[in-house]
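[1] Following is a predicted model, sequence given first.
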Amino acid sequence: MRACLAVSFVIVGCIFPSAAIAWGIEGHRVVALIAASELTPAAKAQVEALLGGEASSSMANIANWSDEVRPQRPETAPWHYVDIPIGSMGYDPARDCKNNDCIVAQIVKNEQILADKSLLPPVRAEALKYLIHFVGDIHQPLHSSNNNDHGGSDMRVSVNGRQTTLHRVWDNLIPASLGPDEASIVSRLETKMTLDQRRRWGSNDPGDWANEGFALAGKEIYPALSSNVVSVGPIVLETDYVAHHQATVEMQLEKAGLRLAAAINTLFGPRRFWR
């Protein structure tokens, strides 16, 4: 499976050389699987009715759908991120989400579509597909920040001799280092989440989620690059860069899964209280 995922990353990179594609294929599936395990029975039944299959497998299988359809729907590209300028005070809808053309507004929009049971099932199913993906996207810090580099997509870096972009390091390299396969990653992350974390991460406001990612980018990602800037060629990252940031990526994947489940549970039935 890892070989297939690696090929998929290359294909996606060729199709969208400078586009923002968060977490890569495996990361989005991890978020969907965590969320599926946290659904109430009522929410799970409605998810299965809309997607036409068992909740965990169907949610994981469509977690990357909105990236796959972007070539046919180019107008949806800005829906996957919000460009909050590094150095600003945080998310400003008037500045960062004009015409609702950003991920914060699109999460709200798709929640509203899902909540409207007068709409046809295919319409609501498509909204669910977008919601599953966008909640994952917004928890990748470089999807909520911009340092005049398109969220790190224009910043060339070198990691242990491998040249790539800063965005792809956070999309692909760090998530891929978390475990041998998605099942083991999900199992470990579910086990390590504490009751206190579940309570502290309970925000249901996508604007708050965007500001969290923005803060992480401003405090953790970009400052670490300043001392490594060279006049020619890519920025050389420390040899332990991937390992050093694993805990942050794990936290963001955990938050995304829990918050996605909470959103679906709220829309589809009585909210589940954390054990």
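    The structure has been received and is ready for your questions.
[2] pLDDT weak spots in the stretch 151-275 of the chain?
    226-232, 270-275 (pLDDT under 70).
[3] Strands of that one, residue ranges please.
    156-159, 162-165, 235-236 (DSSP state E, counting those that start in this stretch).
[4] List just the one of those strands that sits closest to V82.
    strand 162-165 (18.9 Å; CB to CB). Placement of C-beta: from N, CA and C, glycine included.
[5] returning to that earlier point: now tabulate the strands of the stretch 151-275 of the chain in CSV and tack on mean neighbour count and distance to H139.
    Shown next, in CSV, are the strands of the stretch 151-275 of the chain (neighbours: other CB atoms under 10 Å; distance: least, CB to CB, whole Å):
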stretch, mean neighbour count, distance to H139
strand 156-159, 17, 21
strand 162-165, 16, 19
strand 235-236, 17, 24
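[6] Could you export the ones you listed as JSON lines, including distance to D205?
    Formatted as JSON lines, the strands of the stretch 151-275 of the chain follow (distance: least, CB to CB, whole Å):
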{"stretch": "strand 156-159", "distance to D205": "32"}
{"stretch": "strand 162-165", "distance to D205": "30"}
{"stretch": "strand 235-236", "distance to D205": "34"}
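[7] so how far is R200 from T194?
    Plainly put, T194 is 9 Å away from R200 if you go by CB to CB, to the nearest Å.
[8] re the thing from before, out of the strands of the stretch 151-275 of the chain, flag the one nearest E68.
    Of all these, strand 162-165 comes closest under CB to CB, at 20.8 Å.
[9] hang on, the earlier thing: of all the strands of the stretch 151-275 of the chain, which lies closest to I62?
    Comparing those under CB to CB, the one sitting nearest is strand 162-165, at 26.4 Å.
[10] Packing partners of that closest one?
    strand 156-159 (3 or more CB pairs under 8 Å, 6 or more residues apart in numbering; DSSP states H and E).
[11] Sheet-wise, list the partners of the strand it packs on with their directions.
    Using DSSP bridges, the strands paired with strand 156-159 in its sheet are strand 162-165 (antiparallel), strand 235-236 (parallel).
[12] Return the residues in contact with V82.
    Y91, D96, C97, C102, I103, V104, I138, H143, S144, A210 (CB atoms under 8 Å, 6 or more residues apart in numbering).
[13] can I assume the last one is in contact with I84?
    Right, the one you point to is A210. Yes - the criterion here is CB atoms under 8 Å, and A210 meets it with I84 at 6.5 Å.
[14] what touches both of these two?
    Between them, A210 and I84 share these contacting residues under CB under 8 Å, 6+ apart: Y91, S144.
[15] export the strands paired with strand 156-159 to TSV and tack on distance to R188?
    Below are the strands paired with strand 156-159 laid out as TSV (distance: least, CB to CB, whole Å):
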stretch	distance to R188
strand 162-165	26
strand 235-236	31
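[16] quick one: A105 and A256, what's the gap?
    Distance from A105 to A256, by CB to CB: 18 Å.
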